[in-house]
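Colleague: 3D, please:
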Amino acid sequence: MDRRTAPRTAVAARVMALATVPVLLVAGCSGSDSGDDGSASEQRPRTTAPPEPEPVRFTTLPEPCSLLDEDTIEEVVPNADPQSGETLSSSDTSTSGACLWSGLDDYDFRSLTVSLRRFESDPAIGSGDERAEEYRTRLVEEITGDDANEDVSEEQLAETGDAATSISYRVTREDDDEEEEYQQQRVVVRTGNVVVTVDYSGAGFEEADTPGARGVREAAETAAREAVSAVDASAEEDGEQGSGNGGGNGGSGGKGGSGDSDDDGDSDDSGEADDGGNGKSRS
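Modeller: Okay, the predicted model is just below:
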């Protein structure tokens, strides 16, 4: 061999040897889980735990027909039949429910519906409180945005839940080929992650007069405040039962699960009476 080519050959061999070291190291690490430098775990994609939903105040709902006192029913819906109210259907009573009272005192008709809707927190959508507030806003706009409603008057109701709106309006309907005028009131209240809706309606049949807006409003707001107080009390009772049973939400009602069957909070079985709480056809 030529003496001049020998150093070049040696240098080339060393370069090749050094160049293969990283390949061997990588191959050695990837081919064995017992590597000392832990590079295999560093190459694995890191998974992050999904965000925890925000806790909610209400994990169950009380029975809607138990929210109002008998004296209140007698005052707001005279001769209610039945006085205990009629439970309206719900596909999941842990997230929605409603009760209807209707009565005819001579020719004075009154109808009252109390509806409940509960929301769970969902990291992809929002907290239970946020979802409940969006739903409350939609229920208000359902009345204020309907051109068929006349003399619509909306105001915020102070010291009732976390947010409350009271809406007065009139509607005219045909009953037995005769037009009847109904004075109506909707009160929508959010307390935590629950929305309480009161729909109250009054009419005077035959020669009886249609009730005044003020009287209907006061009756509806009285019922709404009492219903919200009862809902709030149910959360405190659930909390006491939970602490007595070792804590946690497991002590609340038996429906379990998040309960909401949809993502945007809409529900056909929320139990609200059709026609803004008229309820005459159901009595």
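Colleague: the longest helix in this structure is where?
Modeller: helix 213-244 (DSSP state H).
Colleague: give the other helices and strands that that helix contacts.
Modeller: helix 70-76, strand 108-118, strand 163-175, strand 178-191, strand 194-204 (3 or more CB pairs under 8 Å, 6 or more residues apart in numbering; DSSP states H and E). To be clear about C-beta, it is placed using only N, CA and C from the backbone, and glycine gets the same treatment.
Colleague: quick one: mean pLDDT over it.
Modeller: For helix 213-244, mean pLDDT is 87.
Colleague: shaky segments in the protein?
Modeller: Applying pLDDT under 70 to the chain flags the ranges 1-43, 45, 239-283.
Colleague: how does it look with 90?
Modeller: 1-53, 173-179, 206-207, 235-283 (pLDDT under 90).
Colleague: can you show me the CA trace of the host helix or strand of Leu104 as CSV?
Modeller: Using DSSP states H and E, Leu104 falls within strand 96-105. Output of strand 96-105 as CSV, limited to C-alpha atoms (Å, rounded to 0.1, in the frame of the first residue of the first chain):
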residue,chain,number,x,y,z
SER,A,96,-86.2,18.5,34.2
GLY,A,97,-89.7,18.4,35.7
ALA,A,98,-92.9,20.4,35.9
CYS,A,99,-96.2,20.6,37.7
LEU,A,100,-99.5,22.1,36.5
TRP,A,101,-102.4,23.5,38.6
SER,A,102,-105.6,24.7,37.0
GLY,A,103,-109.0,25.7,38.4
LEU,A,104,-112.3,27.3,37.5
ASP,A,105,-113.9,29.4,40.2
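Colleague: compute the inter-axis angle for it and helix 213-244.
Modeller: Computed with axes from the mean of the first three to the mean of the last three CA atoms, to 10 degrees, the direction of strand 96-105 lies at 140 degrees from that of helix 213-244.
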